[in-house]
Structures are given as C-alpha cells and as structure tokens.
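[1] Any chance you can model this:
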Amino acid sequence: MTIPGDSESIGRCESAAEELDDVDRGILRLLQGDGRIPYRQIARELGISEGTVRIRAGRMQDSGVLNIVAIADPFRLGYRVLAFLLIKVEPGRHDHVVESLTEWEEATYVSTCVGNADIYVQLVCRDNNHLNELLHTRVPDIGGVRECQTYMELKMHKVSYGYEPS
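    Numbers count the residues shown, from 1 in each chain. Take a look at the predicted model:
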C-alpha cells in the first residue's frame with residue numbers, strides 16, 4: 001500500500017489526477033462523503049451505469065487516487081490523549097527515524113516537514129502515562145532525534161479527509 005504523499009504515489013497520482021473527468025470527480029465526491037455508499041446509488045445520482053461506477057472506482061483505486069478506509073474515533077476506542085510531536089533529527093538519520101515511527105501502533109500520521117521541524121507525528125495514547133512512556137523511553141530509544149516538541153490536542157474541531165481533485 002502506498003501512502004499519500006510518498007514519492008512513488010505522487011508520481012502515479014499526478015498523472016492519474018490529470019486523467020480524471022467529471023464522472024470520476026462525481027464518484028470521488030460521493031465516496032468521500034460515505035465510503036460505504038453502494039455503487040448502484042452512485043450510478044443513480046450521477047445518471048450512469050453501475051458497471052461504469054465499478055470500473056472507474058477500481059481504476060482510481062489501482063492508480064492510488066482513491067483508498068477507501070474506515071476511520072475510527074479514538075476517544076470511543078478508549079484513547080484519552082491525542083498528541084502531536086514536532087521532531088528535529090540529526091543529519092543523516094531522517095529515514096531511520098521515519099521508519100521507526102511508522103512502525104509505532106500509536107503513530108496515526110507521520111510526515112516530513114520543512115521549517116522548524118523535520119518530522120510531524122500524530123499520536124493516540126491510552127492516557128498520560130502512555131504518552132510519558134513514548135516521550136521518555138521510546139523516542140530516545142530510536143536514536144537520531146535531536147529535539148522533540150510535544151503538543152496535546154484538547155479538542156478536535158474538524159477532521160476531514162475529503163479533497164477536491166485539482
């Protein structure tokens with residue numbers, strides 16, 4: 001599986017995005033609103049056949065433009081702490097740190113940054129003790145982390161994974 005934003009998927013998706021037409025955009029719009037919407041309903045809403053929806057959705061999945069996933073609410077799953085880290089790494093250690101963090105079950109998002117930090121990481125933790133263990137034991141064990149700033153999220157005001165194709 002490719003991760004949106006990795007160099008392999010960027011090249012593939014740029015060419016795939018250029019090939020999207022209004023029907024593809026309509027399918028994307030409806031699936032982003034509800035990833036479980038039946039192809040039959042999409043077909044009715046767009047005035048096309050169900051087979052067309054199936055073929056085009058499959059093509060967009062194969063090209064990496066579309067991934068259909070379930071997004072769970074971490075609070076309802078028993079996690080009480082959401083935090084994010086801004087990490088500065090030692091020269092030459094970036095790939096190692098990224099590889100280590102992407103293996104963490106608690107890391108829900110890992111990205112490379114430009115600016116005051118080299119890596120951005122979102123974490124879900126059971127409680128403050130769990131976060132403390134990550135920050136004071138597991139981060140130092142990675143090796144190559146020069147500095148780490150931690151921010152706790154008190155309340156999420158918007159979570160959106162819908163994008164208009166450019």
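[2] how about the strands in this structure?
    Secondary structure of the chain by DSSP state E: the strands cover 81-89, 107-112, 119-125, 145-153.
[3] Please identify which of the ones you listed is closest to residue 47.
    In terms of C-beta to C-beta, the element of the strands of the chain nearest to residue 47 is strand 107-112, at 37.1 Å. To be clear about C-beta, it is placed using only N, CA and C from the backbone, and glycine gets the same treatment.
[4] for this structure, which spans come out with low pLDDT?
    Applying pLDDT under 70 to the chain flags residues 1-18, 166.
[5] Centre-most residue in it?
    The centroid of the chain falls nearest to residue 109 when counting by C-alpha atoms, centre = their mean (5.8 Å).
[6] picking that back up, between the strands of the chain, which one is closest to residue 161.
    strand 107-112 (11.0 Å).
[7] for the closest one, the distance to its chain's centre please.
    With C-alpha atoms, centre = their mean, to the nearest Å as the basis, strand 107-112 stands 8 Å off its chain's centre.
[8] Next, the buried residues of that strand.
    Buried residues in strand 107-112, counted by 16 or more other C-beta atoms under 10 Å: 107, 110.
[9] quick revisit: residue 119 is in contact with the residue nearest to the centre of the chain, correct?
    No. Residue 109 is not in contact with residue 119 according to C-beta atoms under 8 Å; the separation is 10.7 Å.
[10] what about the helices in this structure?
    In the chain, the segments counted as helices under DSSP state H are 7-18, 22-33, 39-46, 50-63, 94-102, 128-133, 139-142.
[11] Now render these as CSV, adding mean neighbour count and distance to residue 82.
    Output for those, formatted as CSV (neighbours: other C-beta atoms under 10 Å; distance: least, C-beta to C-beta, whole Å):
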stretch, mean neighbour count, distance to residue 82
helix 7-18, 13, 26
helix 22-33, 16, 23
helix 39-46, 16, 33
helix 50-63, 16, 29
helix 94-102, 16, 16
helix 128-133, 14, 9
helix 139-142, 14, 17
